[in-house]
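Visitor: For reference, the sequence and a predicted model appear below.
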Amino acid sequence: MSNYLVTGGAGYVGSVVAQHLLEAGHAVTVLDNLSTGFRQAVPAGATFIEGDLRDAHRWLDATYDAVLHFAAFSQVGESVQQPEKYWTNNVGGTMALLAAMRTAGVRRLVFSSTAATYGEPVNTPIAETDPTAPTSPYGATKLAVDHMITGEAAAHGLAAVSLRYFNVAGAYGSHGERHDPESHLIPLVLQVAQGRRDAISVYGDDYPTPDGTCVRDYLHVADLAEAHLLAVAAARPGEHLICNLGNGNGFSVREVIETVRKVTGHPVPEVTAARRDGDPAVLVASARTAIDRLGWRPTRTDLADIIADAWAFARATTSPDGPGPAGGTSQR
Ligand SMILES: NC(=O)c1ccc[n+]([C@@H]2O[C@H](COP(=O)([O-])OP(=O)(O)OC[C@H]3O[C@@H](n4cnc5c(N)ncnc54)[C@H](O)[C@@H]3O)[C@@H](O)[C@H]2O)c1
Ligand SMILES: O=c1ccn([C@@H]2O[C@H](COP(=O)(O)OP(=O)(O)O[C@H]3O[C@H](CO)[C@H](O)[C@H](O)[C@H]3O)[C@@H](O)[C@H]2O)c(=O)[nH]1
């Protein structure tokens, strides 16, 4: 059994990973300031600290074996409007975390990086050796943190893995996607199926793709969680390993909408809208490094299954019973 600090564990991905760590028998403390996360999302069995990443030194001590670091702002559009908010939180926060880890002697880290570090791809599928040219401040902050971690590993012996997620989707039991405002395609289409929105806007149907809409690589959040457990075990002192995480299959926006219609049995009206700034036509991962170095094997690759899990979560969280009581045990 190991003892893990999970920053951002009241958010979508962090809560699913924290739940997986608990199920594997580990001790988990969640550090989250609830800026975009929810107290109810912290899994039962975790210790919860409501606090800011930038104060990580107040809680980090040598009893932790590793940090899994999810806490960040992650809306591409907002980052274009308010870049300073992203640099302060994502880069400033991680700088404080790395300093606190160094002081406490915690020498193992898994970091949530993103496909947004690549920007407009030059190859499909995208490999980690491809150029990184982010097209948003969000992507730039995540790339800056990746560089910071590379330096920390080389200079101070940190054992680190950055996982570059492509499009995370689906849910794991009572843990799922709850962004406010929601900007991600699958939860938005499900809101239309639920009658909570009139129609889904398709952002551009004149891309150079088979049906003219953007193609993305949708990865089940539980497969993503399993990669984190493998990564924390595989990290080697002095090395910063960077792995893309995706299924290697692309689905268009229209294919996603059609699959939601089939899975839910509800009509989903769509309207064609203008392209969204900064959207590449196709983003598909080569996860070769994760497969070879981590021994990772995604198993929930069927889009209908991913959407069915997200649908079950969407219905549960909007039921009159709500998302359930607060999980975890508060510290202090
Ligand atoms: N969801 C995706 O599709 C996706 C794709 C690529 C990368 N990522 C990355 O994965 C991570 C998790 O994403 P998510 O979708 O779960 O987002 P989320 O907003 O649901 O979770 C982020 C959590 O971090 C917390 N947080 C933010 N700043 C903090 C701070 N300074 N101190 C303490 N807590 C803070 C928030 O309250 C929230 O609970 C992020 O780093 C994101 O950039 C997500
Ligand atoms: O209402 C909507 C919402 C989205 N889309 C389209 O659906 C696709 C997927 O959009 P999402 O917002 O769900 O996801 P992104 O591909 O923009 O973003 C994902 O990939 C990024 C990398 O570019 C980052 O990693 C980010 O964190 C991650 O969520 C895009 O083509 C987008 O234009 C629509 O057509 N209508």
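Guide: Everything's here; your move. Ligands and ions are numbered 1, 2, ... in the order given.
Visitor: hang on, Ile257 in a strand?
Guide: No. Going by DSSP: H, G, I helix; E, B strand; the rest coil, the assignment for Ile257 is helix, not a strand.
Visitor: I'd say it and Ile200 touch.
Guide: Yes. Contact criterion CB atoms under 8 Å: Ile257 and Ile200 qualify, at 6.1 Å. All C-beta atoms are positioned from the backbone trio N, CA, C, and that covers glycine.
Visitor: Now the common contact residues for these two.
Guide: With contacts taken as CB atoms under 8 Å, 6 or more residues apart in numbering, the residues that reach both Ile257 and Ile200 are Val189, Val268, Glu270.
Visitor: Show me the beta-bridge partners of the last one.
Guide: On DSSP bridges, the residues paired with Glu270 through beta bridges are Ile200.
Visitor: what residues does the helix or strand containing Ser15 touch?
Guide: Secondary structure assignment for Ser15, by DSSP states H and E: helix 12-23. The contact list for helix 12-23, computed with CB under 8 Å, 6+ apart, reads 4, 6-9, 28, 30, 32, 37, 41-43, 45-46, 68, 70-71, 112, 165, 168, 171-173, 175-179, 221-222, 224-226, 228-229.
Visitor: Return the list of helices and strands in contact with the helix or strand just after it.
Guide: Once helix 12-23 ends, the next helix or strand along the chain (criterion: DSSP H and E) is strand 27-32. Identification of packing neighbours for strand 27-32 by 3 or more CB pairs under 8 Å, 6 or more residues apart in numbering; DSSP states H and E yields strand 3-7, helix 12-23, strand 47-50.
Visitor: could you flag which of the shared contacts of Ile257 and Ile200 are buried?
Guide: Neighbour-count burial (16 or more other CB atoms under 10 Å) applied to the shared contacts of Ile257 and Ile200 gives Val189, Val268, Glu270.
Visitor: Turn these into CSV, columns for pLDDT and distance to Arg236.
Guide: Converted to CSV, those look like this (pLDDT from 0 to 100; distance: CB to CB, whole Å):
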residue, pLDDT, distance to Arg236
Val189, 98, 41
Val268, 98, 46
Glu270, 98, 47
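Visitor: Can you pull the residues of the protein lying near ligand 2?
Guide: 74, 76, 114-116, 167, 183-185, 188, 200-203, 214, 216, 253, 276, 279, 283 (CB under 6 Å from any ligand atom).
Visitor: Select from those residues every entry located in helices.
Guide: Val76, Leu185, Leu188, Val253 (DSSP state H).
Visitor: ok, the last one - contacts?
Guide: Yep, that's Val253 we're talking about. Applying CB under 8 Å, 6+ apart to Val253 gives the contacts Leu185, Val202, Tyr203, Thr213, Cys214, Arg216.
Visitor: Quick check: the farthest pair among those residues?
Guide: Pairwise distances across these peak at 13.0 Å for Val202 and Arg216 (criterion: CB to CB).
Visitor: Pick out whichever of those two has more residues nearby.
Guide: Shown here are Val202 and Arg216; by other CB atoms under 10 Å, Arg216 has more neighbours (26 against 21).
Visitor: who touches that one in this structure?
Guide: Contact partners of Arg216, counting by CB under 8 Å, 6+ apart, are Phe166, Asn167, Leu185, Gly250, Phe251, Val253, Leu283, Val284.
Visitor: So in terms of bridging, what pairs with it?
Guide: Under the criterion used (DSSP bridges), Arg216 bridges to Phe251, Leu283.
Visitor: Return the distance of it relative to Ala285.
Guide: Distance of Arg216 to Ala285, given as CB to CB, to the nearest Å: 10 Å.
Visitor: Where does pLDDT dip in the stretch 201-332 of the chain?
Guide: For the stretch 201-332 of the chain, the stretches with pLDDT under 70 are 319-327, 331-332.
Visitor: give me the beta-bridge partners of Ser113?
Guide: Beta-bridge partners recorded for Ser113 (DSSP bridges): Arg164.
Visitor: so how far is the longest helix seen in the chain off the chain centroid?
Guide: For the chain, the longest helix by residue count, based on DSSP H, is helix 137-156. Relative to the centre of its chain, helix 137-156 is centred 17 Å away, using CA atoms, centre = their mean, to the nearest Å.
Visitor: Can I get the buried ones among the shared contacts of Ile257 and Ile200 in TSV including distance to Gln82?
Guide: Below are these laid out as TSV (distance: CB to CB, whole Å):
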residue	distance to Gln82
Val189	27
Val268	32
Glu270	30
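Visitor: could you dump the residues you listed to CSV with distance to ligand 1?
Guide: Shown next, in CSV, are those (distance: CB to the nearest ligand atom, whole Å):
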residue, distance to ligand 1
Val189, 15
Val268, 21
Glu270, 22
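Visitor: What is the nearest of those to Leu241?
Guide: Taking CB to CB as the measure, Leu241 lies nearest Val189 of these, at 34.3 Å.
Visitor: Next, the closest residue to that closest one other than its chain neighbours: phi, psi?
Guide: Leaving out its chain neighbours, the residue that sits closest to Val189 by CB to CB, 6 or more residues apart in numbering is Val260, at 4.6 Å. Note on Val260: backbone dihedrals following degrees, to the nearest 10 are phi -60, psi -40.
Visitor: Against ligand 1, how distant is Val260?
Guide: As defined by CB to the nearest ligand atom, to the nearest Å, Val260 lies at a distance of 17 Å from ligand 1.
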